[in-house]
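K.L.:
below are the sequence and a predicted model for it; my questions follow.
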Amino acid sequence: MKGPSTGLVTTNTMQNLDPVGAPEGEAREAPDALKSRLAPAENVLALLSVDLDEELRFDNGLLALTDRRLMARSAEGEWAEWTLPATGLMLAHSDHAGVGTLDLVGPRGRLARWRYTLARQPAALRLQKLFDLRFASVAQVTGDPIDIDADGADAAEVFDAAPGTQAPPSTWVLLRLGRFARPYRKQLIVGFLLTLASTAATLVPPYLTIPLMDDILIPFQTGQQIAAVKVELFLGALLLSALVGWALGWARTYLLALVSERIGADLRTTTYEHLLTLPLDYFGGKRTGDLMSRIGSETDRINVFLSLHALDFMTDVLMIAMTAVILFSINPLLAVVTLVPLPFIAWMIHVVRDRLRTGFEKIDRVWSEVTNVLADTIPGIRVVKAFAQEKREADRFRAANAYNLQVNDKLNKTWSLFTPSVSLLTEIGLLVVWGFGIWQVARGSITVGVLTAFIAYIGRFYTRLDSMSRIVSVTQKAAAGAKRIFDILDHVSNVPEPANPVRVGRIEGRIEMAGVGFRYGSRAVIRDLDLAIEPGEMIGLVGHSGSGKSTLVNLICRFYDVTDGAIRVDGTDIRRFAVADYRRHVGLVLQEPFLFFGTIAQNIAYGKPDATREEIVAAARAAHAHDFILRLAHGYDSLVGERGQGLSGGERQRISIARALLIDPRILILDEATSAVDTETEKEIQKALDNLVKGRTTIAIAHRLSTLRKADRLVVMDRGEVVEVGPHDALMDRQGAYWRLYQAQLRQADDESAGAADERASVTLALGGHAAHPAGEA
């Protein structure tokens, strides 16, 4: 079955698929293997490098979507194909624990599965989106076939360029900045009037050249006397217009610069505030470097555009319009000749604008890859150095930087041709005006003064026209940046605030889960879960990895919302509470505590910034952190390195416990709080946790089941369902799922103890042999 061509256009898809992370040689081998299988005029829409096999070992496969079929190549070079469109065919995406999966599902079940690392996630999501569009016949456009070997756009541009799948050209996205300019509309109106007045002032001097030439200089050449009063009058008018133009220009520039800085600051603040409201799954699909680039670099770019280039553009438009009016008022025929190059320049701007927009959007994506390498490497510098991977990371950065250079060079080819072409057209226009003007003077139709004034005005006219053409580049950069900013602002949180929130009073801590279900995409993680937790009760969540423990805790914290059923606290659905008000009553202690750069006191008081020093010290004492804090050089005012680098794991964990204690939560979540420390440190942390859980509803996840002996009840989970509930002794007597988990841990502990004993015996034997050897010689 052959589907109609979508005609989506791209070039060099393979080379640009993963320029930073693809294995060497892969980008060169895949195009030839794919090209040999393509039918005439068959268009490639998207490509995915499949770098894992079914057993999650590194692999080198390929998945290609064309306008006729889905094609897959295994690492062994075997191909499989599915003709499109086909009834009931669906491409499902999921990801878990750093592994992404694409399942091709037909009416009778799954037909194929491909796995990949999350570095390939953007390409996989593009492929799935284009598959859905193709299958649903949403975007049916025409165009040229793909050229895999040409130097051009990547697969992302295929989707961006498809008519019907995108918003209007991104230049118009700049108009959306109007809502940030609205609070400053009075200043903007004053700025516009100042611009109008300053532009008018700069247009006075050329007009004064007419009487200077015709009434003073040319009569003087014919023997007439120069009227000194007239000369003084004209020169005074020229000076006055220059001074007025300078004063008005200064006032306009200063006022509009102040406004643009405030618009940029508001845009930056609004974007960051909105980013903080987005759910955890949004951040799971984004790179830190990319988000930092958007809020930092893109807002700076927009700010520069508003403060400098938008003002220049407005001045240019007014100058061109007012100059045109003056030219037509002086001599309409000569004015028409002056405007001859204008249609050609407008056509060039229109053609180049779209290429620049696409190019700058691509540059932004590529630049985010450069910042992503930095965001990955700098926080993980200890791991880089521990594994001696400095050269590898330097090569990654060099590759990303080289690709950024390549993309910029390609765009500069277009821009470097455009700017001189505009200058050439304006010079030709000036030449035509000179020729036509001399002919008019020879015929007596105009005076030399009129021609001189015309030339002066045309100089300003073409200069502004050339300036406007150069602003095209800056405008497209700002538009590309604004598009990336509004991608964040347009994202709606899937944990919405209630329209009429219920006020959170004193929480007792009773938690009820009724028919709770949750899905990650198409995959059910929690299924029909029912559980009631009494106020002050300590619950231990146990189960194999992937059983849904952490997901359940995330639902209780309302990092995600349930897809089925409800979670109620003290009888009220938590979705009826304002998110921030509810979370103030929930304390969270994580396996890997995160500390911010700042003092010890600031980190403890993070959840309660107005806490007194006495409250901070009391929380630290209860968390068994006070003693080691006093041993630091500056005590509670000692600076903590980024992510707490200056402290041990146990010290960071105790500060995290003190942070939770200070806000006095009624509901406490302990997520593997002692799994990442040694036994002695665990004892210290356990003492702190004993203080923390008193009188609170506590839900604890622990890898070592022995740490949950103090729990009132244990909840055993398996595949998103509760399979057992009860105290430790009762569950052991039942010899069910919990008993099997406990026995497995005991066997593991015995094996580790036996291995350690064998190792100690080997060391002792080796030392004994070494000690006896010299005695034997003696």
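P.N.:
Alright, I've got the coordinates.
K.L.:
who's in contact with the strand or helix carrying Thr199?
P.N.:
For Thr199, the host element (DSSP states H and E) is helix 185-202. Helix 185-202 is contacted by residues 181, 241, 244-245, 248-249, 251-252, 255-256, 258-259, 311, 314-315, 318-319, 322, 460 when judged by C-beta atoms under 8 Å, 6 or more residues apart in numbering. (Each C-beta comes from the backbone N, C-alpha and C, glycine too.)
K.L.:
what subset of those residues is buried?
P.N.:
181, 241, 244-245, 248-249, 251-252, 255-256, 259, 311, 314-315, 318-319, 322, 460 (16 or more other C-beta atoms under 10 Å).
K.L.:
those residues in strands, which ones?
P.N.:
Nothing among these maps onto strands, per DSSP state E.
K.L.:
what ranges do the strands span in the stretch 601-750 of the chain?
P.N.:
Here the stretch 601-750 of the chain has its strands, by DSSP state E, counting those that start in this stretch, at 639-640, 667-671, 697-701, 713-718, 721-726.
K.L.:
out of the ones you listed, which gets nearest to His93?
P.N.:
strand 721-726 (24.3 Å; C-beta to C-beta).
K.L.:
just how off-centre is the closest one within its chain?
P.N.:
With C-alpha atoms, centre = their mean, to the nearest Å as the basis, strand 721-726 stands 40 Å off its chain's centre.
K.L.:
what average pLDDT does it get?
P.N.:
For strand 721-726, mean pLDDT is 89.
K.L.:
list of residues touching it?
P.N.:
Contacts of strand 721-726 (C-beta under 8 Å, 6+ apart): 526-531, 548, 713-717, 731, 734, 736-738.
K.L.:
and that strand with strand 713-718, angle?
P.N.:
Orientation of strand 721-726 against strand 713-718 (axes from the mean of the first three to the mean of the last three C-alpha atoms, to 10 degrees) gives an angle of 150 degrees.
K.L.:
mind listing what strand 721-726 pairs with, with the direction of each?
P.N.:
strand 713-718 (antiparallel) (DSSP bridges).
K.L.:
and the very next helix or strand once past the helix holding Thr199, how far from the chain's centre?
P.N.:
The helix or strand immediately downstream of helix 185-202 is helix 204-211, counting by DSSP H and E. Computed by C-alpha atoms, centre = their mean, the chain-centroid distance of helix 204-211 equals 54 Å.
K.L.:
what average pLDDT does the next helix or strand after helix 204-211 get?
P.N.:
The helix or strand immediately downstream of helix 204-211 is helix 218-221, counting by DSSP H and E. For helix 218-221, mean pLDDT is 72.
K.L.:
just stretch 233-253 next, same as before
P.N.:
86.
K.L.:
can you list contacts of it?
P.N.:
Against stretch 233-253 from outside (C-beta under 8 Å, 6+ apart): 191, 194-195, 197-198, 201-202, 204-205, 208, 211-212, 216, 311.
K.L.:
how about those residues, which pair is most distant?
P.N.:
Gly191 and Ile216 (37.9 Å).
K.L.:
higher neighbour count, the two?
P.N.:
Gly191 (23 against 16; other C-beta atoms under 10 Å).
K.L.:
pLDDT wise, what is the closest residue in space to Leu127 that isn't next to it in sequence at?
P.N.:
Closest residue to Leu127 apart from its sequence neighbours, by C-beta to C-beta, 6 or more residues apart in numbering: Ala46 at 4.0 Å. You'll see Ala46 listed with a pLDDT of 84.
K.L.:
returning to what we had before: closest to Leu52 out of the contacts of stretch 233-253?
P.N.:
Taking the contacts of stretch 233-253 together and measuring to Leu52 by C-beta to C-beta, the closest member is Leu311, at 52.5 Å.
K.L.:
stretch 366-381: how far from the chain's middle?
P.N.:
13 Å.
K.L.:
what does it rub up against?
P.N.:
So stretch 366-381 is contacted by 19-20, 287-290, 292-294, 297, 384, 393, 396-397, 400-401, 403-404, 407, 642-643 (C-beta under 8 Å, 6+ apart).
K.L.:
from what I see, Tyr560 and Val495 are in contact.
P.N.:
Yes - between Tyr560 and Val495 a contact is recorded at 6.7 Å, counting by C-beta atoms under 8 Å.
K.L.:
what residues are shared contacts of the two?
P.N.:
With C-beta under 8 Å, 6+ apart as the test, Tyr560 and Val495 both reach Pro279.
K.L.:
between those two, which has more neighbouring residues?
P.N.:
Using other C-beta under 10 Å, the more surrounded residue of Tyr560 and Val495 is Tyr560, with 19 against 15.
K.L.:
if we can go back for a sec, now list the buried members of the contacts of strand 721-726.
P.N.:
For these, buried by 16+ other C-beta under 10 Å: 526-527, 529, 531, 548, 713-717, 731, 737-738.
K.L.:
for the residue nearest the centre of the chain, what are its contacts?
P.N.:
What sits nearest the mean C-alpha location of the chain, by C-alpha atoms, centre = their mean, is Leu291, with 3.4 Å. Leu291 makes contacts with 275, 283, 488, as judged by C-beta under 8 Å, 6+ apart.
K.L.:
could you dump those residues to JSON lines with secondary structure and neighbour count?
P.N.:
Listed next are the contacts of Leu291 as JSON lines, based on DSSP: H, G, I helix; E, B strand; the rest coil; neighbours: other C-beta atoms under 10 Å:
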{"residue": "Leu275", "secondary structure": "helix", "neighbour count": "17"}
{"residue": "Phe283", "secondary structure": "helix", "neighbour count": "12"}
{"residue": "Ile488", "secondary structure": "helix", "neighbour count": "19"}
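K.L.:
does Ala711 really touch Ala700, like I thought?
P.N.:
Yes - using C-beta under 8 Å, Ala711 is in contact with Ala700, at 6.5 Å.
K.L.:
between those two, who's got more neighbours?
P.N.:
Ranked by neighbour count (other C-beta under 10 Å), Ala711 and Ala700 place Ala700 first, with 25 against 22.
K.L.:
in the stretch 351-500 of the chain, which spans are helices?
P.N.:
Taking DSSP state H, counting those that start in this stretch to define them, one finds helices in the stretch 351-500 of the chain at 381-386, 390-443, 448-489.
K.L.:
now the first one: buried residues?
P.N.:
It refers to helix 381-386. Quick answer for helix 381-386 (16+ other C-beta under 10 Å): Val384.
K.L.:
could you number the chain from 122 rather than 1 from now on?
P.N.:
Taking 122 as the first residue, the last one we looked at is helix 502-507.
K.L.:
gap between that helix and the chain center?
P.N.:
26 Å.
K.L.:
alpha carbons only: can I get that helix in CSV?
P.N.:
What follows is helix 502-507, C-alpha atoms only, in CSV (Å, rounded to 0.1, in the frame of the first residue of the first chain):
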residue,chain,number,x,y,z
ILE,A,502,33.9,16.9,37.4
ARG,A,503,34.8,14.4,40.2
VAL,A,504,33.5,11.5,38.1
VAL,A,505,35.3,12.8,35.0
LYS,A,506,38.6,13.0,36.9
ALA,A,507,38.1,9.7,38.7
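K.L.:
for the record, mean pLDDT for that helix?
P.N.:
Rounded mean pLDDT across helix 502-507 is 71.
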